[in-house]
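S.K.: Using only what follows, build the 3D model:
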Amino acid sequence: MIEVPQSAIELAKRFEGFHKVVRADPGRAQPYICPAGYWTIGYGHLCDPKHPPISEAEAEVYLARDLQTALAATLRYCPVLAAEPERRLAAIVDFTFNLGAGRLQTSTLRRRVNQRDWSNAGVELARWVYGGGRVLPGLVARRAAEAALLSGKTAA
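M.R.: I've put the predicted structure just below:
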């Protein structure tokens, strides 16, 4: 069984962060609306707006489950990644975690990955930088980090 690559966990934590939202309760995360308009908690876990606050340890549990789900979907839609360097798998697992399996399933990115066309897969990643109808600098940086993992270049 393939495990979630450590670099995918690091990417998710780097770009999601542990959002606390309420200063009066510094050790707990509250639900918030992400830039794309979804209710989220912890490290980018989708939730109900009435979700109770969670600790960082609880957020880690959600993240581990969410990344395991993203890994399974990534390998289902991009089976070639099972035989590629772990960094490539990590890049696409992070993409899937961030945007969802449905986006990967219907994307040209999926086709490029399955063709092992890493250069053009990086180009495709760069197209996924919109949230709420506008380019988000955090997504630009995240896609650049994923593309760097795909190509084997040092991440930004």
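S.K.: Distance-wise, check the residue of the chain most remote from its centre relative to Ala90.
M.R.: Most distant from the centre of the chain: Ala24, at 28.8 Å, with distances by CA atoms, centre = their mean. Distance, Ala24 to Ala90, using CB to CB, to the nearest Å: 36 Å. All C-beta atoms are positioned from the backbone trio N, CA, C, and that covers glycine.
S.K.: pLDDT on the lengthiest helix in the chain, on average?
M.R.: The longest helix of the chain (DSSP state H) is helix 56-77. The pLDDT scores in helix 56-77 average 97.
S.K.: So which residues make contact with that helix?
M.R.: 2-4, 8-9, 12-13, 16, 18, 27, 29, 41-45, 54, 81-82, 89, 92-94, 96-97, 101, 104-105, 110 (CB atoms under 8 Å, 6 or more residues apart in numbering).
S.K.: per-residue confidence at Val135?
M.R.: 94.
S.K.: Please name the nearest non-neighbouring residue to Glu86.
M.R.: Pro5 (4.6 Å; CB to CB, 6 or more residues apart in numbering).
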